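> Whatever this is, show me its structure:
(2 chains)
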There are 2 protein chains.
Amino acid sequence: MGSTVSFLLLLFLSTINHISSESIIKLPSDNDISGGNRKVRADDNVVCDSWRLAAETNNAGAWNGVPARCVKFVAEYLTGERYRSDSEVIGKLASEFAKRVRLEGEGRDAWVFDIDETLLSNLPYYQDNGFGSVTFNETSFDDWVNVAEAPALAASLSLYKELQELGFKIFLLTGRSEHQRNATEANLLFAGYSNWERLILRGSSDQGKSATLYKSEKRAELVEEGYTIHGSSGDQWSDLWGYAVASRSFKLPNPMYYIP
Amino acid sequence: MGSTVSFLLLLFLSTINHISSESIIKLPSDNDISGGNRKVRADDNVVCDSWRLAAETNNAGAWNGVPARCVKFVAEYLTGERYRSDSEVIGKLASEFAKRVRLEGEGRDAWVFDIDETLLSNLPYYQDNGFGSVTFNETSFDDWVNVAEAPALAASLSLYKELQELGFKIFLLTGRSEHQRNATEANLLFAGYSNWERLILRGSSDQGKSATLYKSEKRAELVEEGYTIHGSSGDQWSDLWGYAVASRSFKLPNPMYYIP
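Residues are numbered from 1 along each chain as shown, chains lettered A, B, ... in the order given. Sure thing, here's the model as predicted:
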């Protein structure tokens, strides 16, 4: 790694809760994303691909829905080879980084994974629910969580197993609530994950906190316990930013929803 | 904007200099980016598009060259409609944000722009120099800077003018050196920019600092002078991260080179 990179970083003061919160910043409407001074209406695939890039790089701010014009594009992206390829390349980069980490040993080398759209894919649910184009329905999503049969995101399952072989301790840090612990454990085992060090869910005192703040607090507790967080994988910037951040963070794609 | 989002953030301790520095992290080789367990070699366009996303989201770490396999892809991206569309959508999102900012008035509302690959496009230079696939040649790039005829990035020129009309003060913060001030001013005027508040270049005491540190220090000086940095536009994360960051940052695409 050569020089050490030290992160301080980004503390969201807002205490906005989960997906169902109102957005801080107005959504880019279809009008917002159509190219500036062009006379010809640009091709949806080009413009929507640009919207997706803007969302992934956090340029779109706190967007709260896929623009109507881009729902078909997002559906094709997620169900075609591009989503798989994007996830694989990120997994591969994470793996190459992990292999170069000099482990400190004594079981204190940590990697933090988010769960939804990171270890587990809720694509079967979103496929039946408009691919992020309709308002998030907490009740129906909770029903889906309780079924506990979300498949693994293949690239993350490979990375997970490789990290365990390399000697990392795996921490799962999710925005799901404590009452979903049993269903979440069952689903993780169903999808092929095992032997994680700890599964951290939102307790009663974590409700109402932004994901960035909640996850930062939990990572800081790990650091206080003596763990070194070498890497972190998540599909949201709020999984990765804040404080007590990992040496390297890996942002998986998610063009369906944004969690502040 | 509703709630205020407050950034602290990320202080790189490394003191790595400009483009010509060695990378902190090993480059993803062609092998690194080929998909995990696939038997069939994936299509270059798909894999290279995934590499580009990884680079734009900072998942690729401090990469120091376009993978050989992706040079053709990058060239087509930059010279085709996608680069223009990506830049336009980001400019549009920045503009929508800017229009919603409640200005404090008294000439203290600031927007910070990077120059290279942000206000000015060096594409004509890189087109003749391998699109980021060959080692950066400081001498030939300096010659290009002195010609002072780099064109404007169209989406940034529109945004720049719009911000001025809205009442923002424009600060230009570049990794170029103080001895390039005249050529840089001439080029900016040539490309259609005018009436910036201040052009900040690297002085002798800034040499050897990482771009993140240098730019954070300069933004912090603006904040001390009483400016509110509402927005910032740059093609590198090191233009945008660190401390004294803007309320909203806009990352323009650049698949040719990475500056830490």
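
> what about A:Ala211, how many residues close to it?
Number of residues near A:Ala211 (other CB atoms under 10 Å in any protein chain shown) recorded here: 28. Every C-beta, even on glycine, is put in place using the N, C-alpha and C of the backbone.

> now the one 4 residues further on
Counted with other CB under 10 Å, the burial measure for A:Lys215 works out to 30 neighbours.

> which one is it nearest to, not counting chain neighbours?
In space, A:Lys215 comes closest to A:Leu173 once its chain neighbours are excluded; the distance is 5.7 Å by CB to CB, 6 or more residues apart in numbering or on different chains.

> nearest residue to the closest residue to chain B within the stretch 51-200 of chain A other than its sequence neighbours?
As assessed by CB to the nearest CB, chain B sits closest to A:Val89 within the stretch 51-200 of chain A, at 3.9 Å. Nearest-residue entry for A:Val89: B:Ser50, 3.9 Å, with adjacent residues in sequence omitted and distances by CB to CB, 6+ apart.

> Report the contact partners of the one you found.
Under the criterion of CB atoms under 8 Å, 6 or more residues apart in numbering or on different chains, the contact partners of B:Ser50 comprise A:82, A:85-86, A:88-90, B:33.

> ok, those vs B:Tyr214, which is closest?
Looking at those and their distance to B:Tyr214, the nearest is A:Ile90, at 29.2 Å (CB to CB).

> So which bits of the longest helix along chain A are buried?
Assignment by DSSP state H gives helix A:81-100 as the longest helix of chain A. Judged by neighbour count (16 or more other CB atoms under 10 Å in any protein chain shown), helix A:81-100 contains these buried residues: A:81-98.

> Counting by contacts, list what that helix packs against.
Judged by 3 or more CB pairs under 8 Å, 6 or more residues apart in numbering or on different chains; DSSP states H and E, helix A:81-100 is in contact with helix A:154-166, strand A:228-234, strand A:248-251, helix B:30-33, helix B:44-56.

> quick one: contacts for the residue most central in space within chain A?
The central residue of chain A, meaning the one whose C-alpha is nearest the mean C-alpha position (CA atoms, centre = their mean), is A:Asp235 at 2.0 Å. A:Asp235 makes contacts with A:114, A:116-118, A:251-254, as judged by CB under 8 Å, 6+ apart.

> and the angle from the longest strand along chain A to helix A:154-166?
Longest among the strand segments of chain A by residue count, using DSSP state E, is strand A:169-177. Orientation note: strand A:169-177 sits at an angle of 140 degrees relative to helix A:154-166 (axes from the mean of the first three to the mean of the last three CA atoms, to 10 degrees).

> Can you give the strand pairings for strand A:169-177, parallel or anti for each?
Listed by DSSP bridges, the sheet partners of strand A:169-177 and their directions read strand A:109-113 (parallel), strand A:198-202 (parallel).

> who does the helix or strand following that strand touch, helix- and strand-wise?
Downstream of strand A:169-177, the next assigned helix or strand under DSSP states H and E is helix A:181-191. In this structure, helix A:181-191 makes packing contacts with helix A:138-147, strand A:169-177, strand A:198-202, judged by 3+ CB pairs under 8 Å, 6+ apart.

> What residues does A:Asp206 make contact with?
In this structure, A:Asp206 makes contact with A:214, A:217, judged by CB under 8 Å, 6+ apart.

> do you know how far A:Tyr160 is from A:Pro124?
For A:Tyr160, the distance to A:Pro124 equals 20 Å [CB to CB, to the nearest Å].

> who has more neighbours, these two?
A:Tyr160 (27 against 13).

> so what's the more buried one up against?
By CB under 8 Å, 6+ apart, the neighbours of A:Tyr160 are A:113, A:119, A:170, A:193.

> okay if I get the residues you listed as TSV plus pLDDT and neighbour count?
Listed next are those as TSV, based on pLDDT from 0 to 100; neighbours: other CB atoms under 10 Å in any protein chain shown:
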residue	pLDDT	neighbour count
A:Phe113	98	24
A:Leu119	98	28
A:Ile170	98	20
A:Tyr193	98	22
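
> Many thanks, we can stop here.
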